[in-house]
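> Provided below for reference: sequence and predicted model.
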Amino acid sequence: MKDKPLSMAIRAAILVAIGASPALAQDNNQSVDSSTIDDSTIEQVIVTGSRIARPNAVSVTPVTTLTAEDISLSGEPNLGDFLNTLPALRSTYSGQNSGRFIGTVGLNLLDLRGLGTARTLVLQDGRRHISSSIGTSAVDVNTIPEDLIERVDVITGGASAIYGADAVSGVVNFILKDDFEGIKLSAFGSDTERGGAETTELSLTFGQNFFDDRANISGSVQHTTRGDVYGTSRDWITKGWGTLVNPDDVDPNTGAVIPDNGVPDRIVVPDYRIPFISDNGIAFLPYGDYTFNNDGTARPVIPGDICDINGRCSGGDGYAFVGQYQMYPRMDTSNIFVKGHFDITDSMQLFGEAKYVMHEAESWGQASFSYNVYSSTNPFLDKDLSDRLVADGVPAFGMYRMHSDLGYRGNLAERETMRFVTGLKGDFGGGWSYEASVVYGEYNAEVDYVNNRYNERFAQAIDAIELDGEIVCADADARAAGCEPLNLFGYGLNADSAVDWVMLDNTGSEEKMTQTVFSGYVTGSVIDLPAGPLSVVGGLEYREETSFVDYDEVIKNGETFMNALASTEGEYDVSEAFVEVSAPLVAGLPGVENLAVDAAYRVADYSTVGTTDAWKAGVDWTITEDVRFRATTSQAVRAPNIDELFAPLGQNFFSISDPCDYRELGSAPDPELRRANCAALGLSPDYESPWNGGPTLGGFSGGNPNLIEETATTLTYGVVITPRFADSLTITVDYWDIEIEDAISSYSGQTILDKCVDGATINNAFCGNIERAANGDLVSLTSSSLNASKLTARGVDYEVRYDLALEDLFSSDVGSLSFAVQGTRLFERDDYSFQDEPDSVDPVAGELGDPKDAYNLNVSYNYGNFSMNWGHRYIGDQALYDVGMEEAEAAAPSYTGEVRYNSLRTSYLYEDKIEVYGGVNNLEDKAPPAYLSGTGGGSGMYDTMGRTYYLGMNYTF
């Protein structure tokens with residue numbers, strides 16, 4: 001790729017800065033409590049959302065801060081799972097739902113506002129971090145060294161002007177401790193009352209100053225093991241809840257659901273089953289459907305107690321998902337981290353850090369399945385049934401079967417993450433300082449797909465004949481290659497050697513990503529304004545990202561049961577220049593204790609999408625010592641990632657119904673508009689599609705090299721109250737509003753077809769991905785990423801923190817209380833399929849996964865060396881249906897109901913060295929509500945562990 005002038009200039013400037021610049025020897029990560037200092041002790045510190053040092057950690061941008069103590073009080077050994085309980089975050093990829101997609105098991109990715117993990121920027125000490133999700137920028141929280149965390153800053157709203165692309169919905173910044181001294185040994189263990197998720201964690205944290213405190217080296221070594229959890233140990237899974245079309249809502253003449261009659265369309269039933277497939281097989285015979293006992297004897301299928309118009313049932317011989325439901329994967333993580341700094345002079349500091357993380361995760365899920373045609377003379381078939389079929393002239397029959405006895409399918413992932421940082425920081429004198437750094441990250445992974453069925457061998461193995469009194473594979477060449485016949489009429493009837501020949505344990509993928517970042521900036525005061533100095537930051541940054549994933553040939557060729565997956569390789573680089581200013585305008589006036597305005601601008605030159613820019617403007621108005629108002633508006637950007645751009649179009653198959661079929665015209669949101677658009681495509685009103693109810697439609701899916709960047713406009717404003725009459729009381733309330741245009745999204749085949757003919761015209765991006773023959777029949781469609789949609793979100797965040805010394809109330813030292821609550825009220829969360837069509841809105845606020853109300857509460861009592869904490873988590877009522885439709889037509893039940901979780905923790909510190917603590921999470925042993933599994937993208941916010949006990953010890957010396 002050619003170097004553009006901006007790119008070349010920025011690279012050269014950064015390299016010069018890194019090689020020759022001093023740096024300010026100060027702790028940029030220190031948090032200062034303004035209630036405990038006076039003007040003579042004010043220290044300039046840097047908080048997330050700005051690179052300008054400010055007094056008392058004042059931030060124009062709303063920042064929610066979690067301390068190391070907050071993390072410890074949770075009793076949750078997985079940092080990502082803890083963060084996903086925050087009201088501002090969604091559990092899109094938590095530990096218990098990370099196995100929803102191929103290759104993602106064990107990943108813990110953060111998703112602010114539910115706008116997508118790709119739109120949440122994760123930093124460590126304000127610097128970028130290598131991703132662990134191939135082809136994206138999403139950071140696996142399992143790679144963060146938890147024992148050295150000082151605090152976690154969460155800001156919502158666009159921050160691209162400060163940190164660059166991907167900070168569309170916000171930033172999560174992990175701030176690590178500097179100058180740690182001593183040794184800390186920690187041990188932790190937890191177990192669940194219902195079984196599974198047994199956890200052990202051992203860690204060593206160390207630090208030492210050298211050379212008269214001019215140097216420090218610190219680090220941590222941590223190893224965590226967590227067991228898996230299966231649905232067989234959770235009663236809400238073993239009951240097998242599912243939903244059926246309500247038999248009381250079906251027209252007895254047509255069999256169609258009756259619209260708008262106030263009767264729920266669906267009902268919840270136990271023992272939900274799919275009646276046309278089972279672990280023992282469902283054979284479709286002239287005499288009706290048959291199945292097989294474990295020993296292979298045939299019998300008629302036992303029908304379900306209640307069945308709906310789609311053939312789903314409660315009870316009967318069909319397949320139930322209970323036995324193969326893994327709710328939490330096994331995980332094993334080793335994290336080694338070291339950091340240090342050395343004051344070369346009083347005004348120059350060299351700093352660096354290194355990290356190595358090995359993260360292993362293992363998940364097991366649904367077995368392979370298939371529909372196959374078998375000969376009526378198959379020697380494994382029940383002899384009485386075989387004789388009957390032959391006598392009746394039936395040469396073959398079809399059978400659906402889940403192949404659970406051949407082994408569940410597994411994903412075994414080994415992920416290796418390395419990251420190195422080095423740089424200089426210092427001051428020039430006169431209030432000017434400088435920082436320059438280099439960050440290199442590398443991610444490597446191997447993912448093994450266990451019990452991946454080899455389709456050709458499977459077809460050979462089920463085609464059995466009797467030869468010389470022995471049952472063998474019919475294909476002589478297959479026999480010579482080692483084929484052993486499979487008996488699928490029953491359960492567990494095959495030798496291990498026969499299973500091993502058709503089920504592959506050595507297929508998988510290899511993944512690699514790299515990230516290189518050169519950055520540098522200078523900051524200082526330009527001039528003195530009447531209310532204070534005009535502060536400015538100016539800097540340059542160059543970043544290069546690469547991503548590569550390759551699959552075994554049998555997977556790429558579509559020769560196995562799993563999807564045919566294509567290799568993906570891509571890279572991009574970006575050169576950026578940025579500036580930030582803070583101008584204090586007025587101070588010391590009635591009603592204006594202090595008034596300052598902030599502004600930031602960043603221009604970026606991408607090798608993929610060209611030039612983008614982002615900006616931010618804000619105002620910080622201290623009305624009195626008690627009340628401060630803040631507001632920001634910004635434009636943020638996200639360039640398409642490597643996967644969205646470069647994933648090749650691979651073969652795919654789509655189960656669809658042609659919306660221009662005469663039977664589908666009336667089911668559109670606007671039937672007349674659909675009819676007009678179908679006519680514009682050349683289709684008659686009585687057109688009948690060959691695809692409706694037929695085979696799957698072939699096509700392609702993958703990336704799109706023609707994508708452009710997303711653009712987000714964000715607005716925040718709020719108030720900070722720190723009343724003088726109540727020391728240490730802080731109340732913050734902030735409104736936020738995010739609108740993303742040209743949002744990059746991928747769509748299902750059916751969605752592409754529907755959006756094509758349900759748009760204002762057929763001149764849209766969806767119709768361009770559909771190919772029809774001259775007679776109008778569908779030939780193919782392409783599901784690639786598109787800049788077609790718009791996303792919006794609005795809400796209010798609030799936080800209250802208060803520390804109270806009880807001796808102020810009781811005139812004696814009886815300890816102290818600490819109170820903290822963090823919550824979110826969601827006003828709007830809308831998806832627009834067509835960003836220029838306001839009527840295309842799909843409101844999701846209040847639906848499962850996006851509660852309108854959520855908050856976390858912690859109350860701690862401390863007395864001497866003893867402490868006790870009560871934790872309370874609230875998740876508001878959520879709809880189990882599309883809130884765009886009428887509630888009366890939804891499933892029953894229609895809502896989750898409010899959910900509250902409580903926890904208790906106690907600790908005791910002995911001689912300031914040994915801390916022993918323990919606690920119980922989910923005190924009431926609550927199951928997920930409304931028959932939810934707790935493993936979906938939305939239901940993952942609910943606890944699936946049940947009552948959990950933990951015990952830990954810290955020894956510091």
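Arrived safely, thanks for sending. Numbering: from 1, shown residues only.
> For residue 491, which non-adjacent residue is closest in space?
residue 294 (4.5 Å; C-beta to C-beta, 6 or more residues apart in numbering). Every residue, glycine included, has its C-beta placed from N, CA and C.
> tally of neighbours for the one you found?
12 (other C-beta atoms under 10 Å).
> does it count as helix, strand or coil?
coil (DSSP: H, G, I helix; E, B strand; the rest coil).
> cool, residue 808 as well?
Assignment for residue 808 (three-state DSSP): helix.
> Repeat that for residue 80.
Residue 80 - assigned by three-state DSSP - is helix.
> Name all residues that make contact with it.
94-95, 108-110, 140-142 (C-beta atoms under 8 Å, 6 or more residues apart in numbering).
> try residue 627
Counted by C-beta under 8 Å, 6+ apart, residue 627 has contacts 719-721.
> and residue 870, which of the three is it?
Strictly by three-state DSSP, residue 870 counts as strand.
> so residue 150 touches residue 69, yeah?
No - taking contacts as C-beta atoms under 8 Å, residue 150 lies outside contact range of residue 69: 10.4 Å.
> Give the pairing partners of the strand or helix carrying residue 597; include direction for each.
Take DSSP states H and E as the rule and residue 597 turns out to sit in strand 592-606. Using DSSP bridges, strand 592-606 pairs in its sheet with strand 568-589 (antiparallel), strand 610-622 (antiparallel).
> mean confidence for that strand?
For strand 592-606, the mean per-residue pLDDT is 95.
> Can you list the low-confidence ranges for the chain?
1-45, 54-58, 254-256, 259, 323-324, 667, 693-695, 836, 884-892 (pLDDT under 70).
> End to end on stretch 460-468, go ahead and measure it.
19 Å (C-alpha to C-alpha, to the nearest Å).
> Hmm, I typed the wrong one, I wanted stretch 173-184.
First-to-last residue span, stretch 173-184, C-alpha to C-alpha: 24 Å.
> For it, buried residues please.
173-178, 180, 184 (16 or more other C-beta atoms under 10 Å).
> export those residues to JSON lines and tack on secondary structure?
Shown next, in JSON lines, are the buried residues of stretch 173-184 (three-state DSSP):
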{"residue": "173", "secondary structure": "strand"}
{"residue": "174", "secondary structure": "strand"}
{"residue": "175", "secondary structure": "strand"}
{"residue": "176", "secondary structure": "strand"}
{"residue": "177", "secondary structure": "coil"}
{"residue": "178", "secondary structure": "coil"}
{"residue": "180", "secondary structure": "coil"}
{"residue": "184", "secondary structure": "strand"}
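> Greatest separation within those: which pair is it?
Of all pairs drawn from the buried residues of stretch 173-184, the widest gap by C-beta to C-beta lies between 173 and 184 and measures 23.3 Å.
> On the three-state scheme, the closest residue to residue 249 other than its chain neighbours is what?
Closest residue to residue 249 apart from its sequence neighbours, by C-beta to C-beta, 6+ apart: residue 263 at 4.4 Å. The three-state label given to residue 263 by three-state DSSP is coil.
> what's the span of stretch 619-630 from first residue to last?
Using C-alpha to C-alpha, the two ends of stretch 619-630 sit 6 Å apart.
> how far out from the middle of the chain is that stretch?
36 Å (C-alpha atoms, centre = their mean, to the nearest Å).
> quick one: the helices in the protein?
5-20, 68-74, 79-83, 160-163, 235-238, 383-391, 455-462, 476-481, 496-502, 553-556, 642-646, 671-680, 749-758, 807-810 (DSSP state H).
> quick revisit: JSON lines for the strands paired with strand 592-606, including mean neighbour count and distance to residue 454?
Output for the strands paired with strand 592-606, formatted as JSON lines (neighbours: other C-beta atoms under 10 Å; distance: least, C-beta to C-beta, whole Å):
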{"stretch": "strand 568-589", "mean neighbour count": "18", "distance to residue 454": "24"}
{"stretch": "strand 610-622", "mean neighbour count": "19", "distance to residue 454": "46"}
